[in-house]
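1. Return a 3D structure for these sequence lines:
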Amino acid sequence: MSTLRELLERFKVEAGILSDLAAAADLLSWDQDTYMPAGAASGRGQQLATIHSLLHARITDDRMVDLLAELEASDLDPRGVDRAMVREARRVADRAKFVPARLVEELAKRTSSARVAWSQARSENRFELFAPELAAVFELKREEADAVGRGGPRYDALIDEFEPGATVAGIKELFDPLRAEQVALLESIAATGVQHSDAVLKRNYPVSAQRELCRATAASFGYDFEHGRLDETLHPFAIAIGATDVRITTRYDENFLNTALFGTMHEAGHAMYEQGIAPEYRRTPLGHGASLGVHESQSRLWENLVGRSLPYWEGAFPALQAAFPSQLAGVALRDFYAAANRVENSLIRVEADEVSYNLHILVRFELELALLDGDLAVADLPDAWNGRYRAYLGVTPPTDALGCLQDIHWAVGLIGYFPTYAIGNLVSAQLFEAAKAATPTLDDDIRAGDFSGLLAWLRENVQRHGSRYRPAELLVAATGKELTAAPYLAYLRGKYSDLYGLR
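-> Predicted coordinates for the structure are as follows:
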């Protein structure tokens, strides 16, 4: 009979192999979205299907099942790291054992072809090119949800992969008052009649200079280029190809500075989370973020609470003017700050202001829920999308490329992912409030371009733990409070009352 130490060693070896296989799949996916030639899509789909099949087979193999059972029956410390590793491995194994290997392979192939179809449909503004692939993806995800959920709500089964413990009912309870508050704030801002111009951001900013700016900005925050890189893609993302290789991407628009600059801040936030996980968790079930909501809190914190703050631009604006002297000559700091925080009923989620951003998420959450449950046909998606944008944001997308084709998530099977963005917004404000309480000089540090204190606080209270703690447990430990929208709404009211003269 094996000793506990021997069981743990066997478990960690197996966990390391699973981690390496997942990293190989991530590398293939990164290449597919950056440098892979379009004609390689079918071959890449098969390669990914093979790796995911191998992963599925190892996770559900009797040896792994028996090993987990023995460890769960052992006297591991209930609060210890090893117990947490077993818990996370069990969570993955329980999902995997109900999903047929055939479905895993089909999803890998279908999402590979769907992302190519989405890219073409978006570039040509032809939803009909993507619709059959999207319908096929949702059909496969319904099958997955029914297998994993075993009779429960389909959406609950899917969102649990990204946000452990989350449910449709809980999300609605959180989002319904948030929708009301943010719509009211939008209406209050509109009623002031104040319209900050963002023309200064829409001048010609050469891409070569933007590349230098984005790289310097990410490095100043603390992103480690010795263990990462910055590339271009159609839809920006961050990806961890193992613990020592965490890459980010961005998209450049030579006539709009925000796209690459704030997009890079966002992805750097994700990447610094991965780079901050404790080294001893590498190649283990704890070597990733606690949830996608917690992950999003890191990106939104650096993009918005730091990158769009007045203290940040009080320090960073002179360097920006030096990088773009002709574009920013004579531009006042407050005017640039107002432009960077302009509130408008916009079409594009990734370029949305903080006040309206969560409404973009609500559109996607409600539509994917309807698609998953069969209450909305894929063919009717463009009209349903446009209708919700009119109702929530007062705008109608003129094209599907600016509407239901703007995000890659559904093409790659990320159904149930979108709510984590709004959750991340709430968590980011709650964490930043706690960080400021712990570091009274934080605004002055940000103004001086010194982000080491903030990053150190995040590393200590959030990042180093990986997925050792469940999201709710982690948030309470870091902030002393359960998740609440109060800090986020207070942050929005304070910031935008100043910008728009609200009473």
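
2. Sketch out the strands for this structure, chain order is fine.
-> All strands of the chain, identified by DSSP state E, fall at 230-232, 238-240, 246-250.

3. Could you save those strands as a markdown table and add columns showing distance to W313 and mean pLDDT?
-> In short, each C-beta sits where N, CA and C put it, glycine included. Below are the strands of the chain laid out as a markdown table (distance: least, C-beta to C-beta, whole Å; pLDDT from 0 to 100):
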| stretch | distance to W313 | mean pLDDT |
| --- | --- | --- |
| strand 230-232 | 22 | 97 |
| strand 238-240 | 24 | 97 |
| strand 246-250 | 20 | 98 |
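
4. export the ones you listed to a markdown table and tack on distance to R390?
-> Converted to a markdown table, the strands of the chain look like this (distance: least, C-beta to C-beta, whole Å):
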| stretch | distance to R390 |
| --- | --- |
| strand 230-232 | 33 |
| strand 238-240 | 33 |
| strand 246-250 | 30 |
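
5. could the ones you listed go into TSV alongside mean neighbour count?
-> Shown next, in TSV, are these (neighbours: other C-beta atoms under 10 Å):
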stretch	mean neighbour count
strand 230-232	16
strand 238-240	23
strand 246-250	24
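
6. Ok, which of those strands comes nearest L483?
-> Smallest distance to L483 across the strands of the chain (C-beta to C-beta): 23.1 Å, for strand 238-240.

7. quick one: strands adjacent to the closest one?
-> Strand 238-240 pairs in its sheet with strand 246-250 (antiparallel), by DSSP bridges.

8. Run through this structure and note the low-pLDDT ranges.
-> For the chain, no stretch is flagged by pLDDT under 70.

9. Would you mind listing the residues in contact with the residue nearest the centre of it?
-> Residue closest to the mean C-alpha point of the chain, counted by C-alpha atoms, centre = their mean, is E296 at 4.6 Å. Residues in contact with E296 (C-beta atoms under 8 Å, 6 or more residues apart in numbering) are 270, 420-421, 423-425, 427-428.

10. and the gap between the closest residue to R211 other than its chain neighbours and E314?
-> Leaving aside its sequence neighbours, R211 sits nearest to Y252 (C-beta to C-beta, 6 or more residues apart in numbering; 7.4 Å). Distance check for Y252 against E314: by C-beta to C-beta, to the nearest Å, it reads 26 Å.

11. Also R58?
-> 52 Å.

12. again with S119
-> 40 Å.

13. Compare those two and say which one has the larger neighbour count.
-> Between S119 and E314, S119 has the larger neighbour count (other C-beta atoms under 10 Å), namely 20 against 16.

14. The more buried one is in contact with L234, isn't it?
-> Yes: counting by C-beta atoms under 8 Å, S119 touches L234, with 6.1 Å between them.

15. returning to what we had before: how about the strands of the chain, which one is nearest N358?
-> Judging those by C-beta to C-beta, what sits closest to N358 is strand 238-240, at 21.2 Å.

16. I'd like the distance from the closest one to the chain centre, please.
-> Its chain's C-alpha centre and that of strand 238-240 lie 10 Å apart, by C-alpha atoms, centre = their mean, to the nearest Å.

17. contact partners of it?
-> Under the contact criterion C-beta under 8 Å, 6+ apart, strand 238-240 has outside partners 23, 26, 29-30, 246-249, 267-268, 270-271, 274, 288, 299.

18. Mind doing that once more with 6 Å?
-> With contact meaning C-beta atoms under 6 Å, 6 or more residues apart in numbering, strand 238-240 is reached by 26, 30, 246-248, 267, 270-271, 274.

19. Go through the strands of the chain and name the closest to Y223.
-> That would be strand 246-250 among the strands of the chain, by C-beta to C-beta, at 7.2 Å.

20. mind exporting the closest one as PDB, just the C-alpha atoms?
-> Output of strand 246-250 as PDB, limited to C-alpha atoms (Å, rounded to 0.1, in the frame of the first residue of the first chain):
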ATOM      1  CA  VAL A 246       2.900  34.500 -20.400                       C
ATOM      2  CA  ARG A 247       2.100  36.300 -23.700                       C
ATOM      3  CA  ILE A 248      -0.100  39.300 -24.500                       C
ATOM      4  CA  THR A 249      -1.500  40.700 -27.700                       C
ATOM      5  CA  THR A 250      -3.100  43.900 -28.800                       C
END
